[in-house]
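generate coordinates for the sequence data below:
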Amino acid sequence: MTYSSNDSSGRPPEKTLFSPAKALQKLVAEERSGRLTVADPNDASVQWRVYFGGGQIHYATGLMGQRERLTYLFSRESTGLEPCLEIDAPNDYQMVYQYWRSQQLPMNWVRQVLAMLTQEAITQFLAISQGQLKYDSSIGLDPLLLSVPFRQLVLPVRDTVMRWTHIREDISSPFQRPSIVNYDSCLQAVWNDSASCQQLQEVSDLAGENLTLYEIAHRLSTDVLVLAAFLQPLLRNGGMEMKEYQTTVTSKRPIVACVDDSPTIQQFVKLSLESSGYDVLSLSDPTQAIMPLLNHQPIVILMDIEMPGIDGYELCRLARQVEVLRKIPIVMLTGREGIIDRVRARIAGCTAYLTKPFNPQELLGLVQKLALEETVAPL
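Residues are numbered from 1 along each chain as shown. As a prediction, the model looks like this:
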């Protein structure tokens, strides 16, 4: 499950595809510990991960779109977990953990919730017949709250896995976004069923908002698999198409994120960088910054230290706990010049330190330098 180096021709090698189900079963049977990640070959913006050890499954999740997925799941399963979504945590596991601790709920409750999230994610993981895989020997869950035998976890969702496997011929995952191409073709496919006509109207209205299947299913209070099955014939007759998950957030220009509650600083950063070929992702609320950073994955993150709700040190520490944000350079923008402040920033995971006031050339030069130095390991 690793990739060889370039061949003698200098061309990069083609990435080998593996069966996620067979690979996971083999690792679990060998009682290996770690985490297995699969990248969807049909939608490069979607990845799923399973944590395991000692022949047991510990957790499974998606590495993107956690808010869309959790909003749908929490409402469907009637867990009462909606307030959990307001917790600023680096991932869904820590979100549930922090909510459990703050509410002093029983241990069996948190295990039931984690098992529910795991079953849904592992269903999507197993439905991928062939994908790019990455195995890491470190688990990375702290604390470890769930340990379930593979068969016990998978058998109840075996039929659902098979149904999603069939759906994947047209829809890669619930993170994809449906779009109407030809409404008349869609209407012809459901013309003889008044209920289906009504559902088509509801779906088409929401598809115009560029929502994921998770979001549409939540808005319609329906099961996402039922929704996908309804859309499949519309996709096959050319009435609809599916867009990749990150269609709305990808950019041909490199993205630099600026997390700062000051409109003046945000405007200054935009003027300094956008004229030089960068797009600036402006985030004024640090407590809601992690998910946009996850979705956009900027090449550099600029971050103020003194912000309401959560300061730059803590936000930097949270970002460094997230796999896909761990290696992105973080620059502290601050008026503090003391050595203690610089040390605190470094301990939190800061890459560089830029003292206010600074001129556009200083900012641009630092961003260009860090962008060139950035290295992201391939999946």
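
can we go C-alpha only for contacts and neighbour counts from here?
Noted.

where's the closest residue to residue 335 other than its chain neighbours relative to residue 332, distance?
Once flanking residues are discounted, residue 335 sits nearest to residue 356: 4.7 Å by CA to CA, 6 or more residues apart in numbering. Noted for residue 356: a distance of 10 Å to residue 332, by CA to CA, to the nearest Å.

same deal with residue 340?
14 Å.

higher neighbour count, those two?
residue 332 (26 against 10; other CA atoms under 10 Å).

now the element after the helix or strand harbouring residue 57, going C-ward?
Per DSSP states H and E, residue 57 falls inside strand 56-62. Next along the chain after strand 56-62, taking DSSP H and E as the criterion, comes helix 66-77.

elements contacting whatever helix or strand comes next after that following helix?
On the C-terminal side of helix 66-77, the nearest following helix or strand under DSSP H and E is helix 92-103. The contact analysis (3 or more CA pairs under 8 Å, 6 or more residues apart in numbering; DSSP states H and E) places helix 92-103 against helix 107-127.

C-alpha coordinates for the helix it packs on, PDB please?
The C-alpha coordinates for helix 107-127 follow below in PDB (Å, rounded to 0.1, in the frame of the first residue of the first chain):
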ATOM      1  CA  MET A 107     -19.800   5.800  29.100                       C
ATOM      2  CA  ASN A 108     -22.300   3.500  27.200                       C
ATOM      3  CA  TRP A 109     -23.800   6.600  25.700                       C
ATOM      4  CA  VAL A 110     -20.600   7.800  24.100                       C
ATOM      5  CA  ARG A 111     -19.800   4.300  22.900                       C
ATOM      6  CA  GLN A 112     -23.200   4.000  21.200                       C
ATOM      7  CA  VAL A 113     -22.700   7.300  19.400                       C
ATOM      8  CA  LEU A 114     -19.200   6.500  18.300                       C
ATOM      9  CA  ALA A 115     -20.400   3.100  17.100                       C
ATOM     10  CA  MET A 116     -23.200   4.700  15.100                       C
ATOM     11  CA  LEU A 117     -20.800   7.100  13.400                       C
ATOM     12  CA  THR A 118     -18.300   4.300  12.700                       C
ATOM     13  CA  GLN A 119     -20.900   2.100  11.100                       C
ATOM     14  CA  GLU A 120     -22.000   4.800   8.700                       C
ATOM     15  CA  ALA A 121     -18.400   5.700   7.800                       C
ATOM     16  CA  ILE A 122     -17.200   2.100   7.400                       C
ATOM     17  CA  THR A 123     -20.100   1.500   5.100                       C
ATOM     18  CA  GLN A 124     -18.800   4.100   2.700                       C
ATOM     19  CA  PHE A 125     -15.200   2.800   3.200                       C
ATOM     20  CA  LEU A 126     -16.200  -0.800   2.200                       C
ATOM     21  CA  ALA A 127     -18.400   0.300  -0.700                       C
END
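
ok, and what's touching that helix?
20-21, 38, 48-50, 59-62, 73, 79, 93, 96-97, 100, 145-146, 153-154, 157-158, 160-162, 164-165, 168, 173 (CA atoms under 8 Å, 6 or more residues apart in numbering).

swap the cut-off to 6 Å and go again
Contact with helix 107-127 is made by 21, 48, 59, 60, 61, 146, 161, 164, 165, as judged by CA atoms under 6 Å, 6 or more residues apart in numbering.

on that earlier part again, okay, the residue nearest to residue 335: pLDDT?
Note on residue 356: pLDDT of 82.

repeat for residue 15
For residue 15, the pLDDT comes out at 55.

got phi/psi on the spatially closest residue to residue 285 that is not a sequence neighbour?
The shortest distance from residue 285 to any non-neighbouring residue, by CA to CA, 6+ apart, is to residue 261 (6.3 Å). Dihedral pair for residue 261: phi -80, psi 0, per degrees, to the nearest 10.

burial of residue 261, as a residue count?
Using other CA under 10 Å, the number of residues around residue 261 comes to 18.

kindly report the same for residue 45.
Number of residues near residue 45 (other CA under 10 Å) recorded here: 19.

go on, the one 4 residues further on?
By the criterion of other CA under 10 Å, residue 49 has 22 neighbours.

surely it touches residue 37?
Yes - using CA atoms under 6 Å, residue 49 is in contact with residue 37, at 4.3 Å.

distance of the residue lying closest to residue 99 once chain neighbours are set aside relative to residue 75?
In space, residue 99 comes closest to residue 84 once its chain neighbours are excluded; the distance is 5.8 Å by CA to CA, 6+ apart. Using CA to CA, residue 84 is found at 12 Å from residue 75.

equivalent analysis for residue 177, please.
20 Å.

out of those two, which sits in the busier spot?
Applying other CA under 10 Å to residue 177 and residue 75 shows that residue 177 carries more neighbours, namely 25 against 14.
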